[in-house]
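In: Only the shape, not the letters, is given here:
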């Protein structure tokens with residue numbers, strides 16, 4: 001079985017965080033660009049047209065929007081991430097897609113609150129986290145226009161975009 005995810009790609013963040021992501025995150029090492037996760041894991045590797053259609057119908061209810069990443073934060077002390085503002089739209093998209101696909105809870109149901117974020121570094125090395133955060137803060141804010149979500153598929157160990165689905 002393959003892995004799939006629905007994400008909002010943030011190409012404007014790639015020049016800022018891409019280098020750290022490729023070294024310090026598993027998905028970055030496997031080719032996943034800078035993004036905010038909307039739903040992971042999504043379906044198995046059978047990305048059928050009816051599922052893409054259901055995603056399309058679901059996200060069509062959301063208008064494209066501006067988003068800014070101006071603050072860093074951490075999960076459990078070992079994950080450095082950027083907070084999107086606003087985050088409510090990401091939360092609403094996640095809830096809507098989970099409603100459409102109830103068999104696929106975010107992060108397999110491991111977290112009660114799914115916090116929208118753009119992961120920069122995953123490390124148990126405190127010095128790496130601190131140094132990255134200090135350097136990163138000087139390169140913020142990052143602004144983007146979110147006009148689509150991407151269905152990503154892990155193929156031969158690399159994340160690839162399967163389908164881009166426009167908002168609105």
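Out: Ah, there it is. Here the structure is a predicted model, which is why all the values come from computation and not from measurement.
In: residue ranges of the helices in this protein, please?
Out: In the chain, the segments counted as helices under DSSP state H are 14-24, 26-29, 49-59, 88-100, 126-137.
In: Touching the last one from outside, list them.
Out: Yep, that's helix 126-137 we're talking about. Applying CB atoms under 8 Å, 6 or more residues apart in numbering, the contact partners of helix 126-137 are 16-17, 20, 24, 72, 74, 77-78, 80, 82, 120-121, 123. Every C-beta, even on glycine, is put in place using the N, C-alpha and C of the backbone.
In: From residue 146, how far out is residue 125?
Out: Per CB to CB, to the nearest Å, residue 125 is found 32 Å from residue 146.
In: Next, the contact list for residue 67, please.
Out: The neighbourhood of residue 67, defined by CB under 8 Å, 6+ apart, consists of 8, 10, 36, 84, 85, 86, 89, 143, 144, 145, 146.
In: Pull out the buried residues from the residues you listed.
Out: Taking 16 or more other CB atoms under 10 Å as the criterion, what is buried in the contacts of residue 67 is 8, 10, 36, 84, 89, 144, 146.
In: how far away is the residue lying farthest from the centre of the chain from residue 95?
Out: What lies farthest from the middle of the chain is residue 127; by CA atoms, centre = their mean that is 24.8 Å. From residue 127 across to residue 95, the span is 37 Å (CB to CB).
In: distance between the ends of stretch 115-124?
Out: One end of stretch 115-124 sits 20 Å from the other (CA to CA, to the nearest Å).
In: could you give the mean pLDDT of it?
Out: If you average the pLDDT over stretch 115-124, you get 97.
In: and for the worst-scoring helix or strand of the chain on mean pLDDT, what are the contacting residues?
Out: Within the chain, judged by mean pLDDT, DSSP states H and E, the helix or strand with the poorest mean is helix 49-59; its value is a mean of 88. With contacts defined as CB under 8 Å, 6+ apart, helix 49-59 is touched by 6, 43, 93, 96-97, 99-101, 149, 151, 163, 165-167.
In: Residue 106: what's its closest spatial neighbour, skipping adjacent residues?
Out: Leaving out its chain neighbours, the residue that sits closest to residue 106 by CB to CB, 6 or more residues apart in numbering is residue 114, at 4.5 Å.
In: ok, residue 58 to residue 83 distance?
Out: From residue 58 to residue 83 the distance is 24 Å (CB to CB).
In: Which of those two has more residues huddled nearby?
Out: residue 58 (19 against 16; other CB atoms under 10 Å).
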